[in-house]
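Chemist: what shape does this take:
(one chain, ligands or ions: 2)
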Amino acid sequence: VKQQHPTSTARIIAVANQKGGVGKTTTAVNVSGEIARRGQRVLLIDSDPQGNATTSLGVSKRSLPATLYDVLLKTAATDAAILPTGRDRLDLIAADQDLAGATIELTSVDRREYRLRDALRELADQYDLIMIDCPPSLGLLTLNALCAARSVLIPLQCEYLALEGLAQLKGTLERVRDHLNPNLRIIGVVMTMYDGRTNLAQQVVDEVQQHFPQLICRTLIPRSVRISEAPSYGQLIAEYDPSSRSAQAYAVLANELLQREERRRDT
Ligand SMILES: Nc1ncnc2c1ncn2[C@@H]1O[C@H](COP(=O)(O)OP(=O)(O)OP(=O)(O)O)[C@@H](O)[C@H]1O
Ligand SMILES: [Mg+2]
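Modeler: Ligands and ions are numbered 1, 2, ... in the order given. Take a look at the predicted model:
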């Protein structure tokens with residue numbers, strides 16, 4: 001019989017924002033990589049039919065043995081969908097366009113919001129951290145991630161109207177807490193694509209700071225061409241350009257998130 005040790009249970013973080021192109025995947029992939037480099041066992045789950053996290057890690061979407069689709073539909077065991085990424089302690093459950101069909105195929109299924117949570121239960125002692133890259137919608141895939149997770153990390157792009165849509169996201173998170181997953185907390189709001197040369201970027205940061213003084217991460221992720229280039233080589237920013245400011249920013253963000261998670265564990 002397997003013992004349930006609370007300390008050996010993976011922390012599960014969903015990276016979510018229904019707004020597209022705000023840096024969810026970039027953040028999920030690079031934070032996962034950083035935390036694996038620190039010695040923790042990390043599983044990244046690509047929960048977006050676009051499969052951007054899969055591609056960003058250099059994993060080919062052709063001839064995948066099993067994907068998150070199979071995990072959610074139970075056409076494969078969860079273990080069978082875990083892929084190595086060629087990096088120590090960093091594994092992946094991949095996604096491809098089939099995943100788009102999962103939301104339709106699951107509509108009439110029992111406990112459809114809990115498919116991911118139930119599947120991850122058996123993996124909990126194999127990993128220290130499980131990170132889920134959500135798609136740009138608040139549909140069933142994101143709901144599954146929010147029901148499986150204890151923490152949500154919200155990337156916000158430093159641009160005009162950054163806060164637009166955040167109220168809707170917070171409303172969804174509250175409903176999930178009320179009805180589906182009372183343990184869910186926002187672990188942080190991380191400001192991405194920060195351009196220190198513009199007043200606008202600083203104004204957006206100030207505004208988010210005022211609204212969410214506890215939630216905003218101290219670490220700002222700079223806007224950088226290098227970050228946008230790395231995925232096309234299947235590399236993390238720490239591999240593509242390790243001495244860049246953006247690689248450092250993701251390293252510091254990983255530390256900050258680990259600290260925030262520790263504080264959460266104490267409460
Ligand atoms: N800090 C950054 N500086 C410059 N470009 C960035 C930065 N972060 C992300 N990008 C680029 O912006 C685009 C969107 O980023 P990303 O894919 O991480 O966002 P997303 O929220 O996951 O998007 P989607 O909603 O489509 O899943 C990508 O081309 C990415 O390479
Ligand atoms: Mg994405």
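Chemist: can you give me the pLDDT of the residue of the stretch 1-150 of the chain at minimum distance from ligand 2?
Modeler: Residue nearest to ligand 2 within the stretch 1-150 of the chain (Cβ to the ion): residue 25, separated by 3.2 Å. (Each C-beta comes from the backbone N, C-alpha and C, glycine too.) Residue 25 is assigned 98 on the pLDDT scale.
Chemist: what's the closest non-adjacent residue to it?
Modeler: Excluding its sequence neighbours, the residue lying closest to residue 25 (Cβ to Cβ, 6 or more residues apart in numbering) is residue 52, at 4.4 Å.
Chemist: roughly how far does the one you found sit from residue 46?
Modeler: Separation of residue 52 from residue 46 (Cβ to Cβ, to the nearest Å) stands at 8 Å.
Chemist: mind listing the shared neighbours of those two?
Modeler: residue 133 (Cβ atoms under 8 Å, 6 or more residues apart in numbering).
Chemist: those two: who's more crowded?
Modeler: Applying other Cβ atoms under 10 Å to residue 52 and residue 46 shows that residue 46 carries more neighbours, namely 30 against 19.
Chemist: surely residue 89 meets residue 38?
Modeler: No - here residue 89 does not reach residue 38: they are 9.1 Å apart, not a contact under Cβ atoms under 8 Å.
Chemist: is stretch 153-164 up against ligand 2 anywhere?
Modeler: No - under the criterion of Cβ under 5 Å from the ion, ligand 2 is not reached by stretch 153-164; the shortest gap measures 9.4 Å.
Chemist: ends of that stretch, how far apart?
Modeler: 17 Å (Cα to Cα, to the nearest Å).
Chemist: buried set for that stretch?
Modeler: Neighbour-count burial for stretch 153-164, counted by 16 or more other Cβ atoms under 10 Å, picks out 153, 154, 155, 156, 157, 158, 159, 162.
Chemist: what does the pLDDT read for the closest residue in space to residue 219 that isn't next to it in sequence?
Modeler: Among residues not flanking residue 219 along the chain, residue 253 sits closest, at 4.2 Å (Cβ to Cβ, 6+ apart). Residue-level confidence at residue 253 comes out at 98, pLDDT.
Chemist: in terms of helices and strands, where is residue 253?
Modeler: Residue 253 belongs to helix 245-266 when assigned by DSSP states H and E.
Chemist: buried ones in that helix?
Modeler: 246-247, 249-254, 256-258, 260-261.
Chemist: so the residue nearest to residue 25 makes contact with residue 228?
Modeler: No - the criterion here is Cβ under 8 Å, and residue 52 misses it with residue 228 at 11.9 Å.
Chemist: so for residue 36, what's the pLDDT?
Modeler: 98.
Chemist: confirm residue 143 sits in a strand?
Modeler: No - using DSSP: H, G, I helix; E, B strand; the rest coil, the secondary structure at residue 143 is helix, not a strand.
Chemist: what is the burial count for it?
Modeler: Neighbour count for residue 143, taken as other Cβ under 10 Å: 23.
Chemist: test my guess that it contacts residue 184.
Modeler: No - taking contacts as Cβ under 8 Å, residue 143 lies outside contact range of residue 184: 11.1 Å.
Chemist: what touches both of those two?
Modeler: The contact lists of residue 143 and residue 184 share residue 176, where a contact means Cβ under 8 Å, 6+ apart.
Chemist: could you pull up the contacting residues of the residue nearest to residue 219?
Modeler: Residue 253 neighbours (Cβ under 8 Å, 6+ apart): 27, 31, 34, 190, 217, 219, 221.
Chemist: next, the contact list for the first one, please.
Modeler: Meaning residue 27. Taking Cβ under 8 Å, 6+ apart, one finds 15, 153, 155, 190, 192, 221, 250, 253 in contact with residue 27.
Chemist: 10 Å instead, please
Modeler: Going by Cβ atoms under 10 Å, 6 or more residues apart in numbering, residue 27 touches 15, 17, 131, 133, 153-155, 190, 192, 221, 250, 253, 257.
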